[in-house]
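Trainee: Need a 3D model of the sequence below.
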Amino acid sequence: MEYKKDCTTPSRVDRDLADQGLTQYHFARQFVKDKVVLDLGCAAGRGLSVLAQVARKVLVLDGLEESKSIDFANNHAQPNLEFVMSHSDQIPLRSETLDVVVCLEGTRQFANREQLMNEVRRCLSSDGLLLISAPN
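Mentor: Predicted coordinates for the structure are as follows:
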């Protein structure tokens, strides 16, 4: 499949791209069972329910109030899905509180990737896992 730009809304998405994104979330699902998970850069939020089906808690970090992921989650509410309004340069969580951080195709959104990785390292537990994918 040829690489295409991110989809922007669930209703106007290229089918191949949507399937590719959900496939990554289904892959990540095996690592999040009964875990506290932070999803960074979840775009329109279509994969959140895949994680929330098995995770203890899924946190979504977003710095924009008008985020499409927030709209999606409000329409597909799940009790273990929570949004954290903040920018990635300072994740408002205590140190070592996360079991898994998921960032699927989202790294290019963040201006200061080094600071983001420092924050991820701080928030992950000592045996935590970072699942990351990026376009080539």
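Trainee: can you list the weak-confidence ranges in this structure?
Mentor: For the chain, the stretches with pLDDT under 70 are 1-21, 43-44, 63-77, 88, 106-109, 136.
Trainee: Residues touching the top strand by length along it, excluding its own?
Mentor: Counting residues, the longest strand found in the chain (DSSP state E) is strand 124-133. For strand 124-133, contacts defined as Cβ atoms under 8 Å, 6 or more residues apart in numbering pick out 24, 28, 31, 96-105, 107, 120. No exception for glycine: its C-beta is placed from N, CA and C like everyone else's.
Trainee: Make a PyMOL selection of the buried ones in those residues.
Mentor: Selection of buried members from these for PyMOL, criterion 16 or more other Cβ atoms under 10 Å:
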select buried, resi 24+28+31+98+99+100+101+102+103+104+105+107+120
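Trainee: Tell me where this protein has strands.
Mentor: Counting by DSSP E, the strands of the chain are 36-40, 57-62, 81-85, 98-104, 124-133.
Trainee: Could you pull out the helices in the chain for me?
Mentor: Assigned by DSSP state H, the chain shows helices spanning 15-29, 48-52, 68-75, 113-123.
Trainee: Just list what the shortest one packs against, helices and strands only.
Mentor: Spelled out, that is helix 48-52. With contacts defined as 3 or more Cβ pairs under 8 Å, 6 or more residues apart in numbering; DSSP states H and E, helix 48-52 has these neighbours: helix 15-29, strand 36-40, strand 57-62, helix 68-75, strand 81-85.
Trainee: how far off strand 36-40 does the last one point, in degrees?
Mentor: Read it as strand 81-85. 50 degrees (axes from the mean of the first three to the mean of the last three Cα atoms, to 10 degrees).
Trainee: What is the burial count for the residue nearest to Pro92 when sequence neighbours are not counted?
Mentor: With sequence-adjacent residues excluded and distances taken as Cβ to Cβ, 6 or more residues apart in numbering, Pro92 is closest to Ser86, at 4.9 Å. Neighbour count of Ser86, defined by other Cβ atoms under 10 Å: 14.
Trainee: from what I can see Ser86 touches Leu61, true?
Mentor: Yes. If you go by Cβ atoms under 8 Å, Ser86 and Leu61 touch, sitting 6.0 Å apart.
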